[in-house]
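Colleague: Here is a sequence with its predicted model. Questions after.
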Amino acid sequence: MRHLRNLFLVCFILAAAGATLLSLPASASAQDASAGRALFKDKGCGACHSKGFGRLIGPDLQGVKDRVPDRKALASFIRDPKAMNDAYSVKIREEYKDLMPAQSGMTDSELEQIIDFLFSSETYGTPKVNIPKDDATIELGRQYFTGEARFVNAGPPCVSCHTIDGVGGFGGGSLASGVGSQFTSLNKAHERNGGDAGLFAALSDPQFLVMKNAFAEKPLNEQEVIALTAFLGSVSSNADAEEGGLGMMILFVILSLLGTGLLIFAFDRIWSKRFRNVRKNLVGEVA
Ligand code: HEC
Ligand code: HEC
């Protein structure tokens, strides 16, 4: 028992320290994104681009971080798209008819801020799918989440792998909380996945392997995805607005506790086996 208590303490301290470190960059980038967002609006980028809501005159910029990870290259592109002759730029200019105007008036620091915003998970624009926000839809989504309402194609309830504050709680699933995962709790999933449209798309066609497999043969139907999106959206807008704030810390502490619990469970299993083995040998000797 002594061992266990010490182990618990050590795990908890390590996990909490790790969580604190993890939470720092997240809050810094959230701050930067708001200045970039304002610039994005002021400079008229939003007239041709959404972020997370699909193609307009120009490409949806939500995934641009994956397409052009190099900030310098991206800054050059934004400043003068027509001057870019690398293979990727040529291709995208052909696809979108070379319609992006040069932004010659923008300073380096403005570009930096806009790119901070582009590389953040924040969205910009209005959704094309219409997600109703009435109480009945949200409640239905909650029931799908917990398994109180069954999916038509018999997919597993979300709570078998995920938690949400106030739903599932400590009793919630732990599969998606494999130590080191950032996504145990879906409290911020709506925001993380690009709002209504992004989350709708993500749930219609899950990309994470475990989840993809779980729903491959038993896909969610559109009504289910709409209700879940409405529910996760309502949870997200209730949640503490500042990332990296108290809410985030609490989430990390909960994550730490979960991880610690798993470790204790694992060690307990290992040790109890060992005792049994010792005992078996002793009994064997006597007999
Ligand atoms: C008149 C419409 C228009 C405006 C305004 C506009 N863009 Fe574009 N943007 C486009 C088009 C169209 C493309 C695709 C390349 C092309 O055809 O020129 C593009 C491409 C891009 C890309 C590359 C996207 C990718 O997926 O590789 C980025 C980044 C970008 N724009 C950012 C901005 C920013 C930031 C602003 C505001 C400062 C802005 N755009 C203003 C139309 C526009
Ligand atoms: C069989 C386990 C399993 C089930 C069931 C499951 N998920 Fe997941 N889900 C995962 C895993 C694993 C990930 C990958 C993220 C991670 O590492 O935690 C994930 C990722 C996600 C993500 C993206 C990560 C994020 O938070 O931004 C969302 C959103 C999500 N799941 C929602 C749901 C919803 C809604 C349901 C119920 C319809 C569901 N999941 C059911 C295992 C599952």
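Modeller: Perfect, I can see it now. Ligands and ions are numbered 1, 2, ... in the order given.
Colleague: residues from the stretch 101-250 of the chain in reach of ligand 1?
Modeller: Pro101, Gln103, Ile114 (Cβ under 6 Å from any ligand atom). C-betas here are computed from N, CA, C, even on glycine.
Colleague: ranking these by neighbours, who comes first?
Modeller: Ile114 (25 neighbours; other Cβ atoms under 10 Å).
Colleague: Where does the prediction get shaky in the stretch 51-200 of the chain?
Modeller: The model of the stretch 51-200 of the chain has pLDDT under 70 over residues 127, 166-184, 194.
Colleague: in it, which spans are helices?
Modeller: Listed in chain order, the helices of the stretch 51-200 of the chain (DSSP state H, counting those that start in this stretch) span residues 64-67, 71-79, 87-95, 108-119, 135-146, 189-192, 195-204.
Colleague: So which of those helices is nearest ligand 2?
Modeller: Between ligand 2 and the helices of the stretch 51-200 of the chain, the shortest separation by Cβ to the nearest ligand atom is 3.7 Å, and it involves helix 189-192.
Colleague: which outside residues touch that closest one?
Modeller: Applying Cβ atoms under 8 Å, 6 or more residues apart in numbering, the contact partners of helix 189-192 are Ser121, Glu122, Phe183, Asp196, Leu199, Thr229, Leu232, Gly233, Val235, Ser236, Ser237.
Colleague: hmm, it touching ligand 2?
Modeller: Yes - Helix 189-192 is in contact with ligand 2 by Cβ under 6 Å from any ligand atom, via Ala189, Arg192.
Colleague: buried stuff in stretch 154-162?
Modeller: Gly155, Pro157, Cys158, Val159, Cys161, His162 (16 or more other Cβ atoms under 10 Å).
Colleague: what's around the closest residue to the second one other than its chain neighbours, how many residues?
Modeller: Leaving aside its chain neighbours, Pro157 sits nearest to Gly147 (3.1 Å; criterion: Cβ to Cβ, 6 or more residues apart in numbering). The criterion is other Cβ under 10 Å. On that basis, Gly147 has 14 neighbouring residues.
Colleague: Tell me who's in contact with Asp32.
Modeller: So Asp32 contacts Gln113, Asp116, Phe117, Ser120 (Cβ under 8 Å, 6+ apart).
Colleague: out of those, which is most surrounded?
Modeller: Neighbour tally across those (other Cβ under 10 Å): the maximum, 24 neighbours, falls on Phe117.
Colleague: give the contact list for the nearest residue to Glu222 once chain neighbours are set aside.
Modeller: Nearest residue to Glu222, sequence neighbours excluded (Cβ to Cβ, 6+ apart): Ser204, at 7.5 Å. Residues near Ser204 by Cβ under 8 Å, 6+ apart: Leu220, Glu222, Val225.
Colleague: wait, what's in contact with Phe53?
Modeller: Contacts of Phe53 by Cβ under 8 Å, 6+ apart are Asp60, Thr123, Tyr124, Gly125, Thr126, Pro127, Lys128, Gly194, Gly195, Ala197, Gly198.
Colleague: measure the second one to ligand 2 for me?
Modeller: The gap separating Thr123 from ligand 2 is 13 Å, by Cβ to the nearest ligand atom, to the nearest Å.
Colleague: hang on, that residue packs against Asp60?
Modeller: No - contact criterion Cβ atoms under 8 Å: Thr123 and Asp60 do not qualify, at 9.8 Å.
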